[in-house]
Every structure is written in C-alpha cells, then in structure tokens.
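S.K.: give me coordinates for this.
(2 chains)
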Amino acid sequence: QSVLTQPPSVSGAPGQRVTISCTGSNSNLGAGYDVHWYQHPPGTAPKLLIYDNINRPSGVPGRFSASKSGTSASLAITGLQVEDEADYYCQSFDTSLTAYVFGTGTKVTVL
Amino acid sequence: QLVESGGGVVQPGGSLRLSCAASGFTFSSYGMHWVRQAPGKGLEWLTYIRYDEGNEYYADSVKGRSTISRDNSKNTLYLQMNSLRPEDTAVYYCAKSNGDYINSWGQGTLVTVSS
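M.R.: Below is the predicted model of the structure:
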C-alpha cells in the first residue's frame, strides 16, 4: 500500500479548475523530499508533468500547476480540457522505506 | 528511447528476466527504475539502480525475489524476477531517472503469471 494518499477521482466540466491532493508524512514530503507529478492516459506510458514540487518540463501546458507545503502537495488543472482525462500520480522518496513511492493515483474525468 | 522486452506468460513460482534497451542518451550517466502497473491498479515503484551500480533500492513487494542490474557497455537495464506470483501480473516499465524523478518511460512489457 502506498504512503502517499490521493483522492480516487475528481471531475469537472471543460474550462473548470480541478485540484488533486497528495498527502504524505514526515518520512517523505515532510522530511523535505520533493514531490513530482505524472500524467498517465490509458494505454500509454506515463509522462512527467511537474518536477521538484512546482516546475513544468518544456511542453507541458501552463494550465498545470502544483504546490507543496509540509506533508502535503497538490496539483491543479486550470481550464480543464478533454485531453486531460487520465490518471495522475504524485511521487516522492520515503526515508523510512528507503524507497521511491507513488501516490495511490487519481482519475480525472472531464464531464 | 527505452524499449522493454522479455515479458510473457510464466507459471507461479517461475522466473523471468526483463530487459530494457536504452538509446538517445548517455545511459551510463543516469540512474534507472522499474515500475509496474497491475490490471486495474495504480503505478507501483519496484526498484532503482544508480548510474554506476553503486546503489540499489527495492520495494518490499519484490525485495528478495528480484534483482535489478545494468550493463552500461550494452546500454541495457535488467530485472530478474524469481518466485513469481499471480499478483506480479502487470505491465512493467523501465524508466530513466533525473535526480529523484522520472523523466522518460518505456512503453512497457506485459508479464502474466498464471498456470
């Protein structure tokens, strides 16, 4: 079982703003380890969306943004588009497990 | 580019070695991961190896049953899996590390553990 908890699903109409939370603990996010976010559309390989808490790789649209505070992080999609339907995962490192960890994943549905 | 191979159907208790051929970057300069996704489940990180094989990490779910290795002369990453169980059925991805995150993924190879 994952040590990073995400809501199973979020949904919104096109153009709306949705947020996905990622809750960790003092052995991962709270220990100062960065959080990263991935988009995983069905049937394709995952794609890096946000790295080092807030940074977007080149090519990732500006409607994706993220933040981190203490033992929690969040990903926001502003101006939701149909092509944003996918599963989204946070990821960090856990010092107690001495292992990388993914969040439980969140399915984003565009209504 | 990362291209996995070696997946297939294996009986419970059996073994399998996955390979990942890397190209387009200096393979020997980057750490590498294996990540899997079981049917209907989320991504599960499995194991990591440092660029120089100097450090390895394993998830509890595969520790003691799996070994990650690499051949920098062949630009290839491996995952040896033993004592396979039905719950190991998944798509296995190899992935390139950049610091503490993954910035490149293969397309995955399917492993099915079934009698």
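
S.K.: next up, the contacts around B:Arg70.
M.R.: Counting by C-beta atoms under 8 Å, 6 or more residues apart in numbering or on different chains, B:Arg70 makes contact with B:Phe27, B:Met32, B:Ile49, B:Glu53, B:Thr76, B:Leu77, B:Tyr78. (Each C-beta comes from the backbone N, C-alpha and C, glycine too.)

S.K.: likewise for A:Pro8?
M.R.: A:Thr104, A:Gly105, A:Thr106, A:Lys107.

S.K.: repeat the analysis, applying 10 Å as the threshold.
M.R.: Residues in contact with A:Pro8, defined by C-beta atoms under 10 Å, 6 or more residues apart in numbering or on different chains, are A:Thr104, A:Gly105, A:Thr106, A:Lys107, B:Gly42.

S.K.: could you list which of these belong to strands?
M.R.: Members of those lying in strands (criterion: DSSP state E): A:Thr106, A:Lys107.

S.K.: closest one to A:Pro61 out of the contacts of A:Pro8, please.
M.R.: When the contacts of A:Pro8 are ranked by distance to A:Pro61 (C-beta to C-beta), A:Thr106 comes first, at 18.2 Å.

S.K.: how far away is that closest one from chain B?
M.R.: The span separating A:Thr106 from chain B equals 9 Å under the rule C-beta to the nearest C-beta, to the nearest Å.

S.K.: from memory that residue sits against A:Tyr88, does it?
M.R.: Yes: with the criterion set as C-beta atoms under 10 Å, A:Thr106 and A:Tyr88 qualify as a contacting pair; they are 4.9 Å apart.

S.K.: more neighbours: which of those two?
M.R.: When neighbours are counted by other C-beta atoms under 10 Å in any protein chain shown, A:Tyr88 comes out ahead of the other of A:Thr106 and A:Tyr88, with 25 against 22.

S.K.: so what strands line up beside the helix or strand containing the more buried one?
M.R.: In this assignment (DSSP states H and E), A:Tyr88 forms part of strand A:86-94. Taking DSSP bridges as the criterion, strand A:86-94 pairs within the sheet with strand A:36-40 (antiparallel), strand A:99-102 (antiparallel), strand A:106-110 (antiparallel).

S.K.: what are the buried residues along the last one?
M.R.: Within strand A:106-110, the residues that qualify as buried by neighbour count (16 or more other C-beta atoms under 10 Å in any protein chain shown) are A:Thr106, A:Lys107, A:Val108, A:Val110.
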